[in-house]
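# task: produce atomic coordinates for the following.
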Amino acid sequence: MGRVSTPQTSPMPFLKGHGTENDFVIVPDPDNAVDLPASAVAKLCDRRAGIGGDGLLHVVRSAAHPESRAMADEAEWFMDYRNADGSIAEMCGNGVRVFARYLERAGHVEAGDLAVATRGGVKKVHLAKGGDITVSMGRALLPEDGVTVTVDGRNWPARNVNMGNPHAVAFVEDLDHAGDLYAVPPCTPASVYPDGVNVEFVVGRGERHVAMRVHERGSGETRSCGTGACAVAVAAARRDGADPAVTGAPVTYTVDLPGGRLVITERTDGEIEMTGPAVIVAEGHIDPAFLAVTETVIA
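As a prediction, this is how the structure comes out:
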């Protein structure tokens, strides 16, 4: 039995925003009334034929979405995040900051503290008035599974880090060794990441200072990745012999990305905080004819 999506018949509002040049189409939909099949998301995120973005932020009240109702008492708003190819993702760190900036711009929240529901759990956010945004990203999981990343015949051991989504962090001699990052860098054994993986390539820039490039699953190389920056900071700290849970002192890393700079702090309780900018750059309406697509889902 199939389900046919209901076409959009009126102009749909949208905004465009970015966090360290990780850019997103923002679709405000408090009541979860807008149908956003994967094909429509991919069209909107297309940089030549659509609005263009590394992903889409579907802004929904938690109580209105089946995946977030259980979190509604903790967080009024749910970030229904989609990758640029339309696939669903658990979390996006830069996306949370841009999501929070939109909520502030729309008058739903004020500067200060708020909570945002995601598929990776409820994230605590602090909006500095007119300044950067800090997101409590949760704790990193460090599975024991070892992986190897391969690009153009070169191989590197990679640290397996999970930030609510999976990451493979490889320390390299030169960021050019990552190649063009158009295709997914192979990770072996593939069984470690059955649902795909974000792959980070990292070089040192100084004491507790690194630079990175990233291939995000479903999006390709992006200018920035918040969860990736957190995974990199944790991997770098362990490489450098720093573990706040052991030393009793927090550790902070500056992470440079192609799109800007993020500051990552791991607390003694394992909580990781990410601080960086978030900007809304445009808003408008999407022509319903653009989204006149029919998607059939086979049950």
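# just the pLDDT for Asp145.
According to the prediction, Asp145 has pLDDT 87.
# can I assume Glu283 is in contact with Leu15?
Yes - in terms of Cβ atoms under 8 Å, Glu283 counts as a neighbour of Leu15; the distance is 4.2 Å. Using the backbone N, CA and C atoms, a C-beta is placed for each residue, glycine as well.
# which one's more surrounded, those two?
With neighbours defined as other Cβ atoms under 10 Å, Glu283 and Leu15 compare such that Leu15 has more, 22 against 15.
# ok, what's across the strand from that one?
Ile26, Glu283 (DSSP bridges).
# tell me the pLDDT of it.
We have a pLDDT of 98 for Leu15.
# got it, and the one 4 residues further on?
pLDDT for Gly19: 96.
# number of residues surrounding it?
Gly19, neighbours per other Cβ under 10 Å, totals 33.
# in stretch 200-212, which residues are buried?
For stretch 200-212, a neighbour-count test (16 or more other Cβ atoms under 10 Å) marks 200-203, 208, 210-212 as buried.
# actually, stretch 175-192.
Buried positions in stretch 175-192, judged by neighbour count with 16+ other Cβ under 10 Å: 178, 181, 184-185, 187, 192.
# find the nearest non-adjacent residue to the residue nearest the centre of the chain, please.
The centroid of the chain falls nearest to Cys92 when counting by Cα atoms, centre = their mean (1.8 Å). Excluding its sequence neighbours, the residue lying closest to Cys92 (Cβ to Cβ, 6 or more residues apart in numbering) is Tyr81, at 5.1 Å.
# residues in contact with the one you found?
With contact taken as Cβ atoms under 8 Å, 6 or more residues apart in numbering, Tyr81 is in contact with 55-58, 88-92, 95, 118-119.
# point out the ones among the residues you listed that are inside strands.
If you go by DSSP state E, those have 55-58, 118 in strands.
# how many neighbours does the closest residue to Ala282 other than its chain neighbours have?
Excluding its sequence neighbours, the residue lying closest to Ala282 (Cβ to Cβ, 6+ apart) is Lys16, at 4.5 Å. Here the number of neighbours of Lys16 (other Cβ under 10 Å) works out to 18.
# so where's the stretch 1-150 of the chain shaky on pLDDT?
Applying pLDDT under 70 to the stretch 1-150 of the chain flags residues 1-8.
# distance of Glu104 from Val98?
11 Å (Cβ to Cβ, to the nearest Å).
# between these two, which is the more surrounded one?
Val98 (28 against 21).
# what about the more buried one, which helix or strand?
In this assignment (DSSP states H and E), Val98 forms part of helix 93-105.
# just the strands in the stretch 1-150 of the chain please.
Assigned by DSSP state E, counting those that start in this stretch, the stretch 1-150 of the chain shows strands spanning 2-4, 12-19, 22-28, 55-61, 77-83, 112-118, 121-127, 133-139, 147-151.
# the ones you listed into CSV, with extra columns for distance to Glu266?
Output for the strands of the stretch 1-150 of the chain, formatted as CSV (distance: least, Cβ to Cβ, whole Å):
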stretch, distance to Glu266
strand 2-4, 44
strand 12-19, 20
strand 22-28, 21
strand 55-61, 25
strand 77-83, 23
strand 112-118, 20
strand 121-127, 15
strand 133-139, 9
strand 147-151, 22
